[in-house]
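Engineer: here are the coordinates; sequence isn't available:
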């Protein structure tokens with residue numbers, strides 16, 4: 001691979017019906033999942049940047065405030081935030097703009113909360129919230145820059161791979177060097 005380029009293997013997954021298995025028990029402790037209606041751009045950027053920077057999420061980091069606000073405040077975009085002991089611990093975003101297909105557009109935990117058993121709970125909440133809207137299918141994508149366990153995690157939750165592609169992208173750490181990036 002040439003300098004300042006990354007090979008990105010994108011895997012697309014889908015779920016064609018709601019899960020039949022019972023949901024996992026809620027994690028112990030003081031947790032809350034709140035629908036973040038009409039989030040401020042600054043709060044959304046905090047969520048997106050904190051969850052996504054370790055996995056090189058950059059698309060919305062470089063988006064201007066007006067364009068980002070238009071997306072996150074669309075009535076057909078739902079954002080839910082997981083709190084643990086009052087602290088934001090993760091979030092998910094459902095995009096209903098292409099119904100009857102619905103995308104789990106973003107999903108993740110803050111780095112401090114990874115490995116505490118919260119991911120499966122949050123993902124099931126996202127899945128159950130999505131199926132309340134009765135989509136034809138729920139889909140998402142992940143790539144090899146995401147958490148190394150992301151793909152099998154989504155598959156264990158009931159998503160099936162339906163497509164995979166490999167693309168070459170500019171390394172966002174180089175292209176957007178003015179943004180803060182965690183140490184590799």
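Structural biologist: Done, it's in. Note that the coordinates shown come from a computational prediction; the quantities given were computed from them, not determined experimentally.

Engineer: please report how far residue 161 lies from residue 139.
Structural biologist: Using Cβ to Cβ, to the nearest Å, one gets 11 Å for the distance from residue 161 to residue 139. C-betas here are computed from N, CA, C, even on glycine.

Engineer: neighbour count for those two, which is higher?
Structural biologist: The neighbour count for residue 161 versus residue 139, taken as other Cβ atoms under 10 Å, is higher for residue 139 (23 against 13).

Engineer: wait, doesn't the more buried one sit right on residue 16?
Structural biologist: No - contact criterion Cβ atoms under 8 Å: residue 139 and residue 16 do not qualify, at 9.6 Å.

Engineer: for the longest helix seen in the chain, packing partners?
Structural biologist: Ordering each helix of the chain by length in residues (DSSP state H) puts helix 118-131 first. Judged by 3 or more Cβ pairs under 8 Å, 6 or more residues apart in numbering; DSSP states H and E, helix 118-131 is in contact with strand 31-35, strand 77-84, strand 87-95, strand 101-109, strand 137-143, helix 150-156.

Engineer: and the fourth one, what does it pack onto?
Structural biologist: What it means is strand 101-109. With contacts defined as 3+ Cβ pairs under 8 Å, 6+ apart, the packing partners of strand 101-109 are helix 41-52, strand 87-95, helix 118-131, strand 137-143.

Engineer: I'd guessed residue 140 sits against residue 13; true?
Structural biologist: Yes - at 5.6 Å, residue 140 counts as touching residue 13 under the criterion of Cβ under 8 Å.

Engineer: tell me the SS of residue 59?
Structural biologist: The three-state assignment at residue 59 reads coil, by DSSP: H, G, I helix; E, B strand; the rest coil.

Engineer: now it: how far from residue 45?
Structural biologist: Using Cβ to Cβ, one gets 12 Å for the distance from residue 59 to residue 45.

Engineer: show me which of those two is the more surrounded one.
Structural biologist: A count of neighbours by other Cβ under 10 Å puts residue 45 above the other of residue 59 and residue 45, at 17 against 10.

Engineer: list the contacts of that one.
Structural biologist: Residues in contact with residue 45, defined by Cβ atoms under 8 Å, 6 or more residues apart in numbering, are 60, 61, 68.

Engineer: and which of the residues you listed is nearest residue 112?
Structural biologist: Among the contacts of residue 45, residue 61 lies closest to residue 112 (Cβ to Cβ), at 19.8 Å.

Engineer: excluding covalently adjacent residues, which one is nearest to the closest one?
Structural biologist: Distances taken as Cβ to Cβ, 6 or more residues apart in numbering place residue 179 nearest to residue 61, at 5.8 Å, with adjacent residues excluded.
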